[in-house]
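> Predicted model follows, preceded by the sequence.
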Amino acid sequence: MAESDLQQFRAKVSQLVAFVALSDADPDVEQALRDCSSHHEVVALASRHGFEIGRRWGEHLPPAVQGADNLLASTCPPPGEERLDLLLDTPDLRLERIHSCAWSTPAGQWQSQALEEWVLVLRGGARLAFADEPTSRELVAGDTLRIAPGRLHRVEATDPAPGTLWLALHWRSGL
């Protein structure tokens, strides 16, 4: 492990330990923690009390990026929304950059497409559910997933600002 990674790991563990100690000592904080229903709510609660626990292991804060040709140069959409940027569109392939901010598929709805789909999480994280699987899948930066045509799926949650940044490739089966 590189020294910088070790220091990042130690800092996060220290912040987590201190936040747990506060929740043990303060019944109001403990109850607020019990009331959290997602990782993001816990991160927000910790932040309100001065603790930084939000970054996942190995996730580095991105450098400032500029320019339309940089995949990471994307302004976060408003909470509850996502923006799709079409990067390539041919008769055989479609490549999209999707930026989601605290977005989810509307309750009770499932997505399905006629094309093969491969997604890569460039930044942030998401929770996806498939109609044919008993539990949801957690995806973080660097994770990929292939979705077969017609497979029912839904996005249960994406990260709040700065959001989740995806790369999605679509193609016809058999190519």
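All right, it came through fine.
> Might you list the low-confidence residue ranges for the protein?
Counting by pLDDT under 70, the chain contains low-confidence ranges at 1, 4-5, 39-40, 54-68, 175.
> quick one, phi/psi of the residue located most distally from the centre of it?
What lies farthest from the middle of the chain is A25; by Cα atoms, centre = their mean that is 31.6 Å. Main-chain dihedrals, A25, degrees, to the nearest 10: phi -90, psi -20.
> and if you look at Q15?
Torsion angles, degrees, to the nearest 10, at Q15: phi -60, psi -40.
> now swap in R48 and tell me
Dihedral angles (degrees, to the nearest 10) for R48: phi -60, psi -20.
> Repeat that for A46.
phi -60, psi -40.
> for the helix or strand hosting L120, packing partners?
If you go by DSSP states H and E, L120 is part of strand 116-123. The contact analysis (3 or more Cβ pairs under 8 Å, 6 or more residues apart in numbering; DSSP states H and E) places strand 116-123 against strand 137-140, strand 144-147, strand 164-171. (Glycine included, C-beta is placed from N, CA and C.)
> could you redo the last one with a cut-off of 10 Å?
Packing partners of strand 116-123 (3 or more Cβ pairs under 10 Å, 6 or more residues apart in numbering; DSSP states H and E): strand 93-101, strand 137-140, strand 144-147, strand 164-171.
> Run through the bridge partners of the residue nearest the centre of the chain.
The residue lying closest to the centre of the chain (Cα atoms, centre = their mean) is G125, at 1.7 Å. For G125, the beta-bridge partners under DSSP bridges are V140.
> That one against D143, yeah?
Yes. In this structure, G125 is within contact of D143 by Cβ atoms under 10 Å, at 8.3 Å.
> picking up where we left off before, quick one: the residue farthest from the centre of the chain from A18, how far?
Distance, A25 to A18, using Cβ to Cβ, to the nearest Å: 11 Å.
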